[in-house]
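Student: fold the following and give me the result.
(chains A, B, C and D)
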Protein chains: 2
Amino acid sequence: MSIKYAILGFLSHQPLTGYDLKKMFADSMTFYWSGNNNQIYRTLVDLHRQGLVSQEMEHPASGPSRKIYTITDKGLADLKQWVVSSPELPELRNRFLMQLAWADQLKPEELADLINQYEAEVQSKLLLVQDYRQRNPNAPDRTPREEYLWQMIMQNWEAYYEHELTWVCQLRAGLSDEQGSQPLTL
Amino acid sequence: MSIKYAILGFLSHQPLTGYDLKKMFADSMTFYWSGNNNQIYRTLVDLHRQGLVSQEMEHPASGPSRKIYTITDKGLADLKQWVVSSPELPELRNRFLMQLAWADQLKPEELADLINQYEAEVQSKLLLVQDYRQRNPNAPDRTPREEYLWQMIMQNWEAYYEHELTWVCQLRAGLSDEQGSQPLTL
DNA sequence: GTTGCCATGTAAGGTGTTACATGATTTA
DNA sequence: TAAATCATGTAACACCTTACATGGCAAC
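Tutor: The predicted structure is shown next:
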């Protein structure tokens, strides 16, 4: 359960409502969640039960009432304990690679088409990430080291999509060169 | 539901039992599944109900009886339809990046330690993938184009872990250089 | 006055993992 | 005779997504 720590992480910067978190997930780029309500609100209830966050109701004169969650010392400790725990290998599920794996029944044009579509997807995502990174140069409340870490995280994503693009080019080149006779020397 | 197509894909080469599939997933490298029984056997039942595979019981004189599944024409058509369907962006969940994101409370040694652990994980996985690729030079029943595609799939994985390693080196370099003062020019 | 945003939540279902259960056969 | 492998399956649970439901306020 890793959304738990994503939430604790966001809360370690500032108190937030469920709705705030939902938005943060939705446009975070680096955190893959769909930003769906169900998980967020349930997890918040759970965190509260475990004493990792405290809850405060706010009934503003205008606007709907909201529950503001603040991380507790216990929550901070739990977060830190997770942060130093052994990192795992990334989970990478590339549906396109599976399509390729069984693509031999396709005609050359069909295969080329598939590859082009994938390239276009990756390309547009890359632009999104680059754009996002330029629009969010640095958050004001971050230490230099933290800022550096976040930049490197963004760069990791950017590099991933860039490498994916160059790989696609290689793939296509190898296919047009007489259907891949000397692909391994590329 | 993408394990469905992974199974159909394997069956498009040859008839297999659930147990065969389980082993293939377990040591496939490129297909991330845990190779757990539950999903495989359930999916096979489901595929059979849908008429995408046919089932044949075998009661060998020695050894347990087994159910051999063979892909049908309908199954082949379904597989092909999926293979040409629009590819999606890969799903990449990197727990380590999330740990980094909230790592600012750590002492420099703790952070360095975390990074080293991640590097070691990636390094050993890379060796595994490289080793696997060299041990399985080419399957006998593949067309040249198919062989090429599988090689490129393996290369995609290999390249991913390689890039992850170089990124880790950059990350560390930027941290030791006076805590990331000029990280962006890397 | 209707669309859109703020804000909370629930229902239902799909997807994936771990662990359990069974029984025969092969190998050490 | 004990352990490993072949072979099939179930139970329970964790995780994640889509869609639904409600209601107030703001802006056009």
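
Student: isn't residue A:153 up against residue B:97?
Tutor: Yes. Between residue A:153 and residue B:97 a contact is recorded at 5.1 Å, counting by Cβ atoms under 8 Å. No exception for glycine: its C-beta is placed from N, CA and C like everyone else's.

Student: hey, what's in contact with both of the two?
Tutor: Common neighbours of residue A:153 and residue B:97, using Cβ atoms under 8 Å, 6 or more residues apart in numbering or on different chains, are residue A:30.

Student: can you list the domains in chain A?
Tutor: Per automatic domain parsing, the structural domains of chain A span A:3-83, A:95-185.

Student: what's the average pLDDT for the shortest one?
Tutor: The predicted model gives domain A:3-83 an average pLDDT of 93.

Student: again with the last one
Tutor: Domain A:95-185 shows a mean pLDDT of 88.

Student: what about it and DNA strand D, any contact?
Tutor: No. Domain A:95-185 does not reach DNA strand D (Cβ under 7 Å from any atom of the strand); its nearest approach is 13.7 Å.

Student: that domain near DNA strand C at all?
Tutor: No. Counting by Cβ under 7 Å from any atom of the strand, no contacts exist between domain A:95-185 and DNA strand C, the nearest distance being 9.7 Å.

Student: distance from that domain to the middle of the chain?
Tutor: Taking Cα atoms, centre = their mean, to the nearest Å, one finds domain A:95-185 lying 15 Å from the centre of the chain it belongs to.

Student: what of stretch A:14-26?
Tutor: For stretch A:14-26 - counting by Cα atoms, centre = their mean - the centre lies 15 Å from the chain centre.

Student: also stretch A:44-61?
Tutor: Using Cα atoms, centre = their mean, the offset of stretch A:44-61 from its chain centre is 26 Å.

Student: likewise for stretch A:52-63?
Tutor: Stretch A:52-63 sits 28 Å away from the centroid of its parent chain (Cα atoms, centre = their mean).

Student: list the buried ones in it?
Tutor: Of the residues in stretch A:52-63, A:52-53 count as buried by neighbour count, 16 or more other Cβ atoms under 10 Å in any protein chain shown.

Student: which residues does that stretch contact?
Tutor: With Cβ under 8 Å, 6+ apart, stretch A:52-63 has contacts from A:8, A:11, A:15, A:44, A:47-48, A:65-72, A:74-75, A:78.

Student: also near chain B: which of those residues, exactly?
Tutor: Restricting these to those touching chain B (Cβ under 8 Å from any Cβ of the partner chain) yields residue A:8.

Student: pull the CA atoms of stretch A:81-95 into PDB?
Tutor: Only the C-alpha atoms of stretch A:81-95 are listed here, as PDB (Å, rounded to 0.1, in the frame of the first residue of the first chain):
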ATOM      1  CA  GLN A  81      10.600   4.600   8.300                       C
ATOM      2  CA  TRP A  82       9.100   3.900   4.900                       C
ATOM      3  CA  VAL A  83      11.400   6.300   3.100                       C
ATOM      4  CA  VAL A  84      14.600   4.600   4.400                       C
ATOM      5  CA  SER A  85      13.200   1.100   3.800                       C
ATOM      6  CA  SER A  86      14.800  -1.000   1.000                       C
ATOM      7  CA  PRO A  87      13.800   0.300  -2.400                       C
ATOM      8  CA  GLU A  88      12.200  -2.100  -4.800                       C
ATOM      9  CA  LEU A  89      12.700  -2.400  -8.500                       C
ATOM     10  CA  PRO A  90      10.300  -0.300 -10.500                       C
ATOM     11  CA  GLU A  91       7.200  -2.100 -11.900                       C
ATOM     12  CA  LEU A  92       7.100  -1.500 -15.600                       C
ATOM     13  CA  ARG A  93       4.100  -2.800 -17.600                       C
ATOM     14  CA  ASN A  94       4.400  -2.000 -21.200                       C
ATOM     15  CA  ARG A  95       1.400  -3.200 -23.100                       C
END
